[in-house]
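Undergrad: Fold the stuff below for me.
(chains A, B, C and D)
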Number of protein chains: 2
Amino acid sequence: MKARSVNLCNNKEAASRLRRAGLRPTRQRLAVARLLLDGRDRHISAEQLRDELRAKGETMALATVYNCLHQFESAGLLRPVHAAGEAVLYDTNLREHHHFLDVETGELTDIDPAMVSLPSLPDAPEGFETESIELTVRLRRR
Amino acid sequence: MKARSVNLCNNKEAASRLRRAGLRPTRQRLAVARLLLDGRDRHISAEQLRDELRAKGETMALATVYNCLHQFESAGLLRPVHAAGEAVLYDTNLREHHHFLDVETGELTDIDPAMVSLPSLPDAPEGFETESIELTVRLRRR
DNA sequence: TCTGCAGTTTGGAATTATTCTAAAACTCTT
DNA sequence: AAGAGTTTTAGAATAATTCCAAACTGCAGA
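TA: Residues are numbered from 1 along each chain as shown, chains lettered A, B, ... in the order given. Model prediction:
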């Protein structure tokens, strides 16, 4: 019985996932894929990712981490969230959903999509198309 | 018949507005107030503001521009919008509303509040309170 | 298997937005 | 006009990210 989430525990699966996305499976991209594309919903910054990789023994230049994140984004494997603190966070949850943001820590939490409905979204103005929609509820410790 | 928008064409009115907000009316704050608190709805960054001030013959340190913006924000005279490009933009429109963002230029445009309704906003998690809500529709030139 | 080249990675410098700092310049009250 | 407490300022410092040119690597073909 296979779960919906793809398990990229080994390089073979990660590699084919990358190839399907049009990315050459380099050592660095494989490491990132195994860490981020395992089906868990998370939000991670470039620096956090670098640290987690390092903890797994995969050190790579910060520029490479940024490169990977951008490539994964273009390939539709990750979605950037801009409204967060200072740094851009990458969201492994590709379903439509929204976020709580703890403005103190910068931490993001998914909002259950059932809790919010956007019944009437305005059409994009002439000459534009909607790239994405971000609803962020900024939270402060009470 | 006075319009709803306060006209801060002269320093007297700007000064009293600042005092009411608990801010000492310094030359720099007066200049910013006259430029931003005239009732027009706009979105402006620190650098843009500095340039507009300079164009009016009011030069001031960029640090002062940032100071002013923060103080105006704390005083409830401006609202920061974070979801925009790289820089924080300050919104002179204090009514609840949302934004289109041109991701190319970073330009924000208000979304008519009648066009969007957020019927069921999720409650803030235990121990938190909602500071603000930002709905941003990111646009790309077609 | 070997080779070459386009595609990748890398460290460090460069950029951008913003904050910090300590000193000089104000504002307000007395 | 003087003192105290605020503000402003220029420039240094920080943080996230991008740029760069050189070194490296995956893979297609000989």
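
Undergrad: Just the buried positions in the longest strand along chain A, please.
TA: The longest strand of chain A (DSSP state E) is strand A:128-141. For strand A:128-141, the buried set under the neighbour-count rule, 16 or more other C-beta atoms under 10 Å in any protein chain shown, comprises A:F128, A:S132, A:E134, A:L135, A:T136, A:V137, A:R138, A:L139. (Each C-beta comes from the backbone N, C-alpha and C, glycine too.)

Undergrad: For chain A, just list every one of the strands.
TA: Under DSSP E, chain A gives strands at A:43-44, A:79-81, A:89-91, A:98-102, A:108-111, A:128-141.

Undergrad: Tabulate those (a markdown table), appending mean pLDDT and distance to chain B.
TA: Converted to a markdown table, the strands of chain A look like this (pLDDT from 0 to 100; distance: least, C-beta to the nearest C-beta, whole Å):
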| stretch | mean pLDDT | distance to chain B |
| --- | --- | --- |
| strand A:43-44 | 96 | 15 |
| strand A:79-81 | 95 | 9 |
| strand A:89-91 | 96 | 13 |
| strand A:98-102 | 93 | 7 |
| strand A:108-111 | 93 | 5 |
| strand A:128-141 | 90 | 4 |
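
Undergrad: hang on, the earlier thing: closest to B:R79 among the buried residues of strand A:128-141?
TA: A:R138 (11.3 Å; C-beta to C-beta).

Undergrad: what about the closest residue to that closest one other than its chain neighbours, distance to B:R79?
TA: Leaving aside its sequence neighbours, A:R138 sits nearest to B:E131 (C-beta to C-beta, 6 or more residues apart in numbering or on different chains; 4.4 Å). Going from B:E131 to B:R79 by C-beta to C-beta, to the nearest Å gives 11 Å.

Undergrad: Identify the residue nearest the geometric centre of chain A.
TA: Nearest to the geometric centre of chain A sits A:D91, at 2.4 Å (C-alpha atoms, centre = their mean).

Undergrad: what's across from that residue in the sheet?
TA: Following DSSP bridges, A:D91 is listed with bridge partners A:H43, A:R79.

Undergrad: So it is in contact with A:E73, correct?
TA: No: judged on C-beta atoms under 8 Å, A:D91 makes no contact with A:E73 at a distance of 9.9 Å.

Undergrad: Spit out the residues that contact the two alike.
TA: A:R79, A:P80 (C-beta atoms under 8 Å, 6 or more residues apart in numbering or on different chains).

Undergrad: Any residues of chain A in contact with DNA strand C? List them.
TA: For chain A, the residues in contact with DNA strand C (C-beta under 7 Å from any atom of the strand) are A:23-24, A:26-29, A:59-64, A:67-68.

Undergrad: Let's have those in a markdown table, adding neighbour count and distance to B:R95.
TA: Below are the residues of chain A next to DNA strand C laid out as a markdown table (neighbours: other C-beta atoms under 10 Å in any protein chain shown; distance: C-beta to C-beta, whole Å):
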| residue | neighbour count | distance to B:R95 |
| --- | --- | --- |
| A:L23 | 19 | 45 |
| A:R24 | 9 | 50 |
| A:T26 | 14 | 50 |
| A:R27 | 10 | 52 |
| A:Q28 | 17 | 48 |
| A:R29 | 22 | 46 |
| A:T59 | 12 | 50 |
| A:M60 | 19 | 47 |
| A:A61 | 10 | 46 |
| A:L62 | 11 | 42 |
| A:A63 | 9 | 43 |
| A:T64 | 18 | 45 |
| A:N67 | 16 | 42 |
| A:C68 | 25 | 41 |
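
Undergrad: when you check DNA strand D, which of those residues turn up near it?
TA: A:R24, A:T26, A:R27, A:L62, A:A63.

Undergrad: Please report how far the closest residue in space to A:M60 that isn't next to it in sequence lies from chain B.
TA: Spatially, and ignoring its direct neighbours in sequence, A:M60 is nearest to A:Q28 (5.0 Å; C-beta to C-beta, 6+ apart). When C-beta to the nearest C-beta, to the nearest Å is applied, the distance between A:Q28 and chain B equals 26 Å.
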